[in-house]
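Engineer: Below: sequence and its predicted model.
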Amino acid sequence: MERVGIIGIGEYLPKRVLTNQDLEKMVDTSDEWIITRTGIKERRLVEKGEATSDLAIRAAKEALQDAKLKSQDLELIIVATVTPDMQFPSVSCLVQSALEARNASCFDISAACAGFVYAIVVAQQFIVTGIYKNALVIGAEVLSSVTDWQDRSTCVLFGDGAGAVVLSRVKRGGIISVYLGADGTMADLLMIPAGGSRSPASFYTIENRMHYIKMRGNELFKIAVKIMAEAAQIALKKAGLSCKDVDCFIPHQANLRIISAVAKKIGLDEDKVYLNIHKYGNISSASTATALCEAVKEKRIKKGDIVVLDAFGAGLVWGACVIEW
Ligand code: UT7
């Protein structure tokens, strides 16, 4: 049976670099604390006025070129993001307009750091069922727009960026198995409290800094390790594979210590794990998207390799998928 596979990859990271030394001047923190607790050395930030769709469009163009498709060949565009340009229209519609991809239906997915994996699985369903042939999936975020630059417990963690893939039917390789999960009972561990219908923007919400990310990081840490390890194992089992078969593991890049603990828990060699957290920090849906793209560009992933995407985030939501490259 023909599978759905990734036929093009692309990414875009803003040029502006914010280092740990820069953060030392902004909040009570240190390069040493950030590196040892998170593995992050620097992150990329947009320029003023630059928005999520600007990053998504650049990543999408590169992915389309890599797939050797014209934008008119796209029948579906999904953008995974928690930082859309505005409440509506969707970022995917803005991307469609910029690409002149007039044959594509468009919607965004809100699955936080697992958004890219969720979006890949959704696009896969449309292609498997024969509804669409070619889909563009993008993970894009401007987390700097929702980061509280006075809160040292979160502002050292996040960055901006976008990664994109084009999905289509493939004759060999492709997505072997997928697994998605969620547990809304822990929604309060990671959220932006205001700006939605429950607490619309007001002087009160602004004064109380309620439009920024609030995270109970320590509690999340342990759950992330457990769930990411389980998700990878479940997806591999569904594929009839084990950790020994994995050539490249692409985890969500929230914390180097989480990633190392997951690798250890599932018995995966560290040299199989692809990392870009040191350069970009946590870019939510764009973390797995950019990491996959860079692993391919750096030839860490070759034809026939078994690749595992594994992500976890606010919701809580998680997802893993096993791909033969
Ligand atoms: O993206 C999807 C979901 N996100 C995650 O999965 C993130 C999971 N959590 C984490 O990555 C980690 O919990 C953090 C990196 C956020 C925090 O690391 P931690 O080792 O859990 O630190 P902590 O929150 O327990 O804080 C330890 C200490 C505290 O000081 P006291 O109370 O021990 O005196 C904090 O106040 O470190 C302090 N601290 C800092 N110190 C210097 C917190 N942030 C900073 C900072 N610089 N930036």
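Structural biologist: Here it is on my side, so go on.
Engineer: so who does D28 touch?
Structural biologist: By CB atoms under 8 Å, 6 or more residues apart in numbering, the residues touching D28 are R152. For every residue, glycine as well, the C-beta is placed using N, CA and C.
Engineer: So it versus the ligand, what's the distance?
Structural biologist: Distance, D28 to the ligand, using CB to the nearest ligand atom, to the nearest Å: 7 Å.
Engineer: is it true that that residue lies in a strand?
Structural biologist: No. The assignment for D28 is coil, going by DSSP: H, G, I helix; E, B strand; the rest coil, so no strand is present there.
Engineer: Not counting sequence-adjacent ones, nearest residue to whichever residue of the stretch 151-300 of the chain sits closest to the ligand?
Structural biologist: Closest residue of the stretch 151-300 of the chain to the ligand, CB to the nearest ligand atom: G217 (2.8 Å). Once flanking residues are discounted, G217 sits nearest to S153: 6.4 Å by CB to CB, 6 or more residues apart in numbering.
Engineer: Helix, strand, or coil at that neighbour?
Structural biologist: Following three-state DSSP, S153 is assigned to helix.
Engineer: Near it, how many other residues are there?
Structural biologist: Using other CB atoms under 10 Å, S153 has 14 neighbouring residues.
Engineer: Hmm, G5 and G173 touching each other?
Structural biologist: Yes. Assessed by CB atoms under 8 Å, G173 is found in contact with G5 at 5.3 Å.
Engineer: quick one, which of these two is more surrounded?
Structural biologist: Counted by other CB under 10 Å, G173 and G5 do not tie: G5 has more neighbours, with 22 against 17.
Engineer: still on that earlier bit, common neighbours of G173 and G5, please.
Structural biologist: Joint contacts of G173 and G5 (CB under 8 Å, 6+ apart) are 323-324.
Engineer: E75 against R102, yeah?
Structural biologist: No. Between E75 and R102 there is no contact under CB under 8 Å: 10.7 Å.
Engineer: Looking at these two, which has the bigger crowd around it?
Structural biologist: Remark: of E75 and R102, E75 carries more neighbours, 17 against 10, as counted by other CB under 10 Å.
Engineer: Distance check, that one against the ligand.
Structural biologist: Taken as CB to the nearest ligand atom, the span from E75 to the ligand is 31 Å.
Engineer: Next to the ligand, which bits of the stretch 151-300 of the chain? Give me the list.
Structural biologist: Counting by CB under 6 Å from any ligand atom, the stretch 151-300 of the chain comes close to the ligand at 152-153, 156, 190, 217-218, 220-221, 224, 254-255, 258, 282.
Engineer: May I ask which two of those residues are separated the most?
Structural biologist: R152 and A224 (20.2 Å; CB to CB).
Engineer: okay, these two: which has more neighbours?
Structural biologist: A224 (26 against 17).
Engineer: now the helix or strand containing that one: mean pLDDT?
Structural biologist: Taking DSSP states H and E as the definition, A224 sits inside helix 217-238. Average pLDDT, helix 217-238: 97.
Engineer: List the buried residues for that helix?
Structural biologist: Within helix 217-238, the residues scored as buried using 16 or more other CB atoms under 10 Å are 217, 220-221, 223-225, 227-236.
Engineer: Please read off the pLDDT at the most centrally placed residue in the chain from the model.
Structural biologist: The C-alpha lying nearest the average C-alpha coordinate of the chain belongs to S285 (CA atoms, centre = their mean; 2.1 Å). You'll see S285 listed with a pLDDT of 98.
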